[in-house]
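J.: This is the structure alone, sequence omitted:
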């Protein structure tokens, strides 16, 4: 077992997952994904303002209800630029829908890019997800995979970096028991 795989086995808890190998270690996986429509609200915030980001989920679900549109998958964050406590994240808070051909002055319509993605499931508190992202990036680098990102205007822009929130907080309020799918597009 190499150092990256060893890190993964130490940091990713055992889980019920079809990608689980016989030792109970969940490996990142590569999946081809088609374009998928979504609606979203773009936002720029630092980590210290993250409550503004989380509040957008309720606003989006209310918007869908008012428009009579059903969600078609787990809500997500799409990161365009990563930030921290001082530098702003540029992201979209989104929800997949069957056909996003509409929007308004606040809600935009978009599509996830088609292509191959490296995927890893994060089990646990969302505040610890950066560790899982780091493991996924290390695993990808170790296998010679180039993730879809570019540098422009002194910022690193991501072509497809997503967090899908698979756990419904109304059913499981304990954030330490949440399941979040990380999907990062591979550069083609």
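T.: In hand now; what should we look at? Fair warning: this is a prediction, and the values are worked out from it, not measured in the lab. Numbers count the residues shown, from 1 in each chain.

J.: tell me which strands and helices the helix ranked longest in the chain is in contact with?
T.: When the chain is scanned for its longest helix (criterion: DSSP state H), the result is helix 50-67. On a contact count with 3 or more CB pairs under 8 Å, 6 or more residues apart in numbering; DSSP states H and E, helix 50-67 meets strand 36-45, strand 89-96. C-beta coordinates here come from the backbone N, C-alpha and C atoms, glycine included.

J.: Listing partners with orientation, what would you give for the first one?
T.: According to DSSP bridges, strand 36-45 has the following sheet partners: strand 89-96 (antiparallel), strand 108-112 (antiparallel).

J.: what distance separates the last one from the centre of its chain?
T.: What that stands for is strand 108-112. 15 Å (CA atoms, centre = their mean, to the nearest Å).

J.: Quick one: closest of the helices and strands packed on helix 50-67 to residue 145.
T.: strand 36-45 (21.5 Å; CB to CB).

J.: Identify each buried residue in the closest one, please.
T.: Residues of strand 36-45 classed as buried: 36, 37, 38, 39, 40, 41, 42, 43 (neighbour count, 16 or more other CB atoms under 10 Å).

J.: who touches it?
T.: Strand 36-45 is contacted from outside by 52-53, 56, 59-60, 63-64, 69, 72-73, 76, 78, 83, 88-103, 106-112, using CB atoms under 8 Å, 6 or more residues apart in numbering.
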